[in-house]
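> The sequence isn't on hand, but the structure is:
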């Protein structure tokens, strides 16, 4: 799995205990495609425990959530999603991730998504000579003042 992490951006890892299957979803930026690998593992509970120990040892922040029946699951954005969003949607997600980071809910996903969205907004406004791009550049600078955010960039 570490081999795959060096080659591709791992988007999601799921472990299905009932079917004893590990599902790894990754994104290949150079080809702009999303792939999925399914691996059958007989001792899936042992594998799950070893995986979480390794993730903790590497100090990787993961965003796991328990699935609650009837509650919608929020989709995680990838670069392809952000590149295809209209500007009004980008601004809405900028506000959401800005609020998340200012509330100190800092993770690799939140930080990289915030910067990818903000970068796209800056490109849009600066291409149109709209002075709004300065506001978004300043917001990026303000978020970069946070030490945890700096650490995420230094460790990636």
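Sure, I can see it. Quick caveat: nothing in here was measured; it's all calculated off a predicted structure.

> what's the strand or helix carrying residue 152 packed up against?
Assigned by DSSP states H and E, residue 152 belongs to helix 147-155. Applying 3 or more Cβ pairs under 8 Å, 6 or more residues apart in numbering; DSSP states H and E, we find helix 147-155 packed against helix 108-127. (C-beta placed from N, C-alpha, C; glycine too.)

> ok now the helix it packs on, how far from the chain's centre?
Mean-position distance between helix 108-127 and its chain equals 13 Å (Cα atoms, centre = their mean, to the nearest Å).

> Could you give me the buried positions within the following helix or strand past it?
On the C-terminal side of helix 108-127, the closest following helix or strand by DSSP H and E is helix 132-144. Across helix 132-144, burial judged by 16 or more other Cβ atoms under 10 Å covers 133, 136, 137, 139, 143.

> How about the first one, nearest residue that isn't a chain neighbour?
Nearest non-adjacent residue to residue 133, counting by Cβ to Cβ, 6 or more residues apart in numbering: residue 125, 3.8 Å away.

> Spit out the contact partners of the one you found.
By Cβ atoms under 8 Å, 6 or more residues apart in numbering, the contact list for residue 125 reads 131, 132, 133, 136.
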